[in-house]
Each structure stands twice: as C-alpha cells, then as structure tokens.
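Student: next comes the sequence, and after it the predicted model I'd like to discuss.
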Amino acid sequence: MFLPSFRLDGKRAVVTGAGRGIGRALAVGLAEAGADVALIARTREDLEETASIIHELGSRTLILQADVTKRKEVQQAVAQVQGEWKNIDILINNAGMNIRSKALEVTDEEWQTIMDTNLKSAFMFAQEIGKIMKEQPTGGRIINISSVAGHVALRTGVVYASTKAAMIQMTKVLAMEWGQYGINVNSIGPWYFKTPLTAKLLADEDYVRDILAVTPLKRVGELPELVGPVVFLSSEAGSYVSGQTLFVDGGMTIHGF
Ligand SMILES: NC(=O)C1=CN([C@@H]2O[C@H](COP(=O)(O)OP(=O)(O)OC[C@H]3O[C@@H](n4cnc5c(N)ncnc54)[C@H](OP(=O)(O)O)[C@@H]3O)[C@@H](O)[C@H]2O)C=CC1
Ligand SMILES: C[C@H](O)[C@@H]1OC(=O)[C@H](O)[C@@H]1O
C-alpha cells in the first residue's frame, strides 16, 4: 500500500484569522477532512458564521475571540483549547493584514501593526502551541500562511513583504529546532485569492490584467486550491515534509524574462 491518508479524523486544529477569507476556507476544509477546529479572530459574528458551517459537517469547534497581537490573549486562547481538548495537533498561522504604503510613507505605527499581526502573532502561537506539541507523542503540524510577497518583490508594500519573508525563514528555523519533537513546520505562499483583504484590488480590471500577465495559469486562485495543500501538509500524506514553503501561485513565482 503506497497511498497515505489525507484524512484528519480525531485531530484538533487551531486556525487564526478563521473569521473570513482564507482562514474560514482553511478551517472548513480541515473540518471536511475530519478535524475539530478552534477558531480565532476578533469579530465574534464572523467566527460564529464559520462555526455554523463546520457544525453542519459534524465537526466540533471552539470560538476564541482574541487579538493575536497580544501575548496574554494568545496564551488565554491556547489555554482554553488545551483545557477543552488536551491535544493540539495542527496550528494554522493565518491571521494577517496589510497597509499598502510606499516605503517612503510607512509610519512607525503602520510598521508595528503589520509586523505584530503578520509575524509576531505567528511566532507567539508557534511558541505557545509548540510547547504543547513538544510533549505529545504525536508531535504536531504548524503551517504558516506566508505569501509570494515573501519570495518576490510585489507592489503591495515593503513591510508586508518583509513579514512574509520572515515567516519563511522562521519556518525553516522552527522546523530545524522542533523536528526532534515530531513537529513539522511548513509555509504556504499564496498568490492572489479573492477575499475581503483583496476584493477591492481584484475588482480593478487593469490590476487583474497586470496580475494575469505574470501568472502562467492566467487566473487568480480559488480558495479550495489553498485548502488542498494545507490538508496535505496537515495529514499523514505530508509526514516527511518540513521546513518548506509551498507556493500556491498559478506559477507566478517562476516568472523570469
Ligand atoms: N487573499 C490573498 O490573496 C492572500 C492572502 N495572504 C495571507 O493570507 C492570510 C489571510 O488573508 P485573507 O483571508 O485574504 O485576509 P482577510 O482580511 O480576509 O482575513 C483576515 C483574518 O485575520 C483576522 N485578523 C486580522 N487581524 C487580527 C488580529 N489582530 N487578531 C485576530 N485576528 C485577526 C481577521 O479577523 P478580525 O478582523 O475579526 O480579527 C480575519 O479573520 C493573511 O496572512 C494574508 O497575508 C497571502 C497571499 C495572498
Ligand atoms: C499577494 C499578496 O500577499 C497580497 O496581495 C495584496 O494586495 C495583499 O495586500 C497582499 O499583499
């Protein structure tokens, strides 16, 4: 038998930024694969909507309204999940945001907000949940949602790109340090997917024409096309992959000329 399982039955996952967009898609997709999912964001109504979709699939959820930039709230959320579920098998560091200022206009506040939301939050969750996974005989899986912006230059902001590049490097170092505990750490690097974060940009025909000009598959991604790679990296099928970044980008990052 050579085909490993892609199922996640009996697994407990934590997804940050699960209230909408990519985080909601990933949370629902993990549940479709059999996982129970703890949902984290600041907007309770969004989380409740994600939870109701997951309940229809027969999976359980925990709703944790938290600001991922605050260590205390990260600790409280993780403690609540551990208290309810004991094991945490999968962490998806998805929460993120962008302020698309040109480099000369970036303010200290913008820098801090983007850095804290995209990078520091992922590290804090990795630390708090890595401590738990380290003690589990089954270790765990950590998946950081980076971006093509962490690998190639984009016009969507230097600070955002810096956070996404840092996530890719953080992935490698955590994979190196925590492999001995059976913890796989990987990243996903999406190109454009239609979400509240990108909806305005993707409504601009000229902008979409520019995107497709550098995208070999000549289209933006559909959210299920991100769920597949994440379920793969979370499941038995991905058990020997660690420290890697999988660009889910329609081929964009190979672009040369
Ligand atoms: N969409 C795209 O094309 C791409 C997206 N990405 C990355 O994917 C991830 C998700 O993006 P996307 O779904 O488009 O974004 P959205 O803005 O649609 O969703 C972001 C999610 O993160 C949550 N979030 C933001 N700030 C905080 C905070 N301080 N504390 C807790 N939760 C927070 C939001 O909930 P709330 O506001 O209620 O807290 C929301 O649930 C991001 O890391 C982004 O960089 C990468 C490449 C492309
Ligand atoms: C592809 C990028 O991650 C994405 O594109 C945007 O406009 C967002 O602000 C992100 O930078």
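Tutor: Yep, it's here. Ligands and ions are numbered 1, 2, ... in the order given.
Student: tell me where the stretch 1-150 of the chain has helices.
Tutor: With DSSP state H, counting those that start in this stretch as the criterion, the stretch 1-150 of the chain has helices at 21-32, 44-55, 71-85, 108-114, 121-134.
Student: can you tell if the helix or strand encompassing residue 164 touches ligand 1?
Tutor: Assigned by DSSP states H and E, residue 164 falls within helix 158-178. No. Applying Cβ under 6 Å from any ligand atom, one finds helix 158-178 separated from ligand 1 by no less than 6.8 Å. Yep, even glycine has a C-beta here, placed from its N, CA and C like the rest.
Student: output the contacting helices and strands for that helix.
Tutor: Using 3 or more Cβ pairs under 8 Å, 6 or more residues apart in numbering; DSSP states H and E, the elements in contact with helix 158-178 are helix 108-114, helix 121-134, strand 140-145, strand 183-190.
Student: past the last one, which element shows up next along the chain?
Tutor: Where DSSP H and E defines the elements, the next helix or strand beyond strand 183-190 is helix 199-202.
Student: same question for that next one, mean pLDDT?
Tutor: On average, the pLDDT along helix 199-202 is 95.
Student: and it, C-alpha only, in CSV?
Tutor: What follows is helix 199-202, C-alpha atoms only, in CSV (Å, rounded to 0.1, in the frame of the first residue of the first chain):
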residue,chain,number,x,y,z
ALA,A,199,-11.6,42.2,-3.1
LYS,A,200,-11.1,45.9,-3.9
LEU,A,201,-7.9,45.2,-5.9
LEU,A,202,-9.4,42.3,-7.7
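Student: contacts for whichever helix or strand comes after that helix?
Tutor: Counting by DSSP H and E, the next helix or strand C-terminal to helix 199-202 is helix 205-213. Contact with helix 205-213 is made by 191-192, 201-202, 218-220, as judged by Cβ atoms under 8 Å, 6 or more residues apart in numbering.
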